[in-house]
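J.: using only what follows, build the 3D model:
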Amino acid sequence: MSFYWNDGGRAAAGFTGFCGDCVTRSIAIGTGLSYRTVYDELGDAANKTPRNGLSTEIANVYLEKAKWTFEHLDDIEFDPITFPRGTYIVHLVHLHSRRAGHLSCVIDGVVHDTWNPAEDESYRLRGVWSSAVNNNEETSQPAQSPLGVDDQASLTQQEFERILRRLRALDNTANNDASTEGEKRNALLMMQALLLRHNLSREDLLGDSGTSTLQLGRFSCVLNSSRACTWEHGVAHYLCDEIFPLVQYFSTRKGKRTLIHFYGPHLDSSNCMALFRELIVTIAAAAQVRFGGYYRGSGASYAEGYVQGLPRTKEKSESGSKKRSQPSSDESQSLIAARSLIVHETARQWLSNECGIQLVSSTKYSRNERDHAAESLGKKHGASHEIKPANRPLGIGHKRT
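T.: Coordinates of the predicted model:
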């Protein structure tokens, strides 16, 4: 299904962190206005910051003033490929949560968003906003703000950066032990006035360890069973632990099918899902040929052994003396681990804020009967399997070979 990662210009406008800004993002993408312009005008209309979401009524009024037309639908299936050519802003609702609404932009059948709601069958199409340009009305004028403010992106960006620098300077003064009580009080009052005037919040001032421009995504693989096998979970865990350490996974059930979802950095998640599909097909085929199946019995033992035998890249068996002789390597590994923790937490926050998904723990069941001979054979075959992830980006401490 066609999807293009697009934050609507949020990162370019100087904003940091992740939030529920689907209204601002979709309107900025659909209208072609700068993110900052849309953010300010929606904030003025709502009398609050748009950072953590706005009601659909605010979006409706804004788009009506921009001469967009709305078509109400009866919560039908969302399939962007069926849309005619043009630009549309879609209003989606969640089947199981009244508060999990979402606005997204579709351009020529391609979803432009920070995640793909078309992959989540729980979302239904409540309505579609359509631009007059979709009716083949040519115009030589650039996009104009519906509230009458000219879009001067470069000037807006310079002004916004100046405001952020001023706010951060005031924040430093307010938290500096060398400042007097009067200086701290005045700095806080000035900060509060600036935040209210420009519809900002303290989150906009915080650093995010380089994750503000991180492109996140979620990709799913469907398994034709109501419950994933232990070895299938093992493949997913292996890929996230050994090959794509910035990616995480979770599983859900849909009728008689199980879905394995990979989420994290967009390219890594996509490659991880593709490699997962390749591995389970390879292992299942090998078990089917040798033992006539892979769900239970010797075939399942073979598949589990195959996963256990897959090559591990992490040197977990190094002696302590060897580690002490390579302090620079230890520092590099510490940096990688710290970076992974930051990205993992950011991705979980994104999954909650953007996709409306709250993860919970579940109990895993293991098989009691095992065929040790089949398992040993699987380990031998798994150890000879060469893992070659496609288009894998380089990370900290990695060199291209």
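
J.: next, the buried residues of stretch 216-226.
T.: Residues of stretch 216-226 classed as buried: 216-221, 223 (neighbour count, 16 or more other Cβ atoms under 10 Å). Placement of C-beta: from N, CA and C, glycine included.

J.: typo on my end, it should be stretch 234-244
T.: 234-236, 238-240, 243-244.

J.: output that stretch as PDB, nothing but the C-alphas.
T.: Taking C-alpha atoms only, stretch 234-244 is exported to PDB below (Å, rounded to 0.1, in the frame of the first residue of the first chain):
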ATOM      1  CA  GLY A 234      11.800 -16.100  18.100                       C
ATOM      2  CA  VAL A 235      12.600 -14.800  14.600                       C
ATOM      3  CA  ALA A 236      11.000 -11.400  15.400                       C
ATOM      4  CA  HIS A 237      13.000 -11.200  18.600                       C
ATOM      5  CA  TYR A 238      16.200 -12.200  16.900                       C
ATOM      6  CA  LEU A 239      15.900  -9.600  14.200                       C
ATOM      7  CA  CYS A 240      15.100  -6.800  16.700                       C
ATOM      8  CA  ASP A 241      17.900  -7.900  19.100                       C
ATOM      9  CA  GLU A 242      20.600  -8.700  16.700                       C
ATOM     10  CA  ILE A 243      20.100  -7.100  13.300                       C
ATOM     11  CA  PHE A 244      17.900  -4.000  13.800                       C
END
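
J.: packing partners of the helix or strand that residue 193 is a member of?
T.: For residue 193, the host element (DSSP states H and E) is helix 181-197. Counting by 3 or more Cβ pairs under 8 Å, 6 or more residues apart in numbering; DSSP states H and E, the packing neighbours recorded for helix 181-197 are helix 153-174.

J.: the helices in the stretch 1-150 of the chain, which residues?
T.: 22-31, 35-46, 56-65 (DSSP state H, counting those that start in this stretch).

J.: tell me which of those helices sits nearest to residue 301.
T.: Closest approach to residue 301 among these (Cβ to Cβ): helix 22-31, 46.6 Å.

J.: what's in contact with the closest one?
T.: 6-10, 33-35, 37-39, 42, 50, 53-54, 56, 58-59, 62-63, 66, 68, 87-89, 102-105, 107, 112-114, 129, 131, 143, 354 (Cβ atoms under 8 Å, 6 or more residues apart in numbering).

J.: please spell out which residues along that helix are buried.
T.: Within helix 22-31, judged by 16+ other Cβ under 10 Å, the buried ones are 22-31.

J.: now, among these, which is nearest to residue 83?
T.: Out of those, the member with the shortest distance to residue 83 (by Cβ to Cβ) is residue 30, at 12.7 Å.

J.: distance of the closest one from residue 167?
T.: 30 Å (Cβ to Cβ, to the nearest Å).

J.: one step back: dump the helices of the stretch 1-150 of the chain to JSON lines, plus mean pLDDT and distance to residue 370.
T.: Below are the helices of the stretch 1-150 of the chain laid out as JSON lines (pLDDT from 0 to 100; distance: least, Cβ to Cβ, whole Å):
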{"stretch": "helix 22-31", "mean pLDDT": "91", "distance to residue 370": "48"}
{"stretch": "helix 35-46", "mean pLDDT": "89", "distance to residue 370": "56"}
{"stretch": "helix 56-65", "mean pLDDT": "90", "distance to residue 370": "55"}
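
J.: out of the ones you listed, which comes closest to residue 285?
T.: If we rank these by Cβ to Cβ, the stretch that ends up nearest is helix 22-31, at 41.4 Å.

J.: distance from the chain centre to that closest one, please.
T.: 17 Å (Cα atoms, centre = their mean, to the nearest Å).

J.: what do you get for stretch 239-256?
T.: 14 Å.

J.: now swap in stretch 253-262 and tell me
T.: A distance of 19 Å separates the centroid of the chain from that of stretch 253-262, by Cα atoms, centre = their mean.

J.: stretch 113-123 now?
T.: On Cα atoms, centre = their mean, the centre of stretch 113-123 falls 11 Å from that of its chain.

J.: mind listing what's buried in that stretch?
T.: 113-120, 122-123.

J.: CA atoms of that stretch as CSV?
T.: Output of stretch 113-123 as CSV, limited to C-alpha atoms (Å, rounded to 0.1, in the frame of the first residue of the first chain):
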residue,chain,number,x,y,z
ASP,A,113,1.7,11.1,7.2
THR,A,114,4.1,10.0,9.9
TRP,A,115,2.4,6.6,9.9
ASN,A,116,0.0,4.7,7.6
PRO,A,117,-3.5,4.4,9.1
ALA,A,118,-4.5,2.4,6.0
GLU,A,119,-2.6,-0.5,7.6
ASP,A,120,-4.8,-0.5,10.7
GLU,A,121,-8.1,-2.1,10.0
SER,A,122,-9.6,-0.5,13.2
TYR,A,123,-9.8,2.9,11.5
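
J.: perfect, that will be all.
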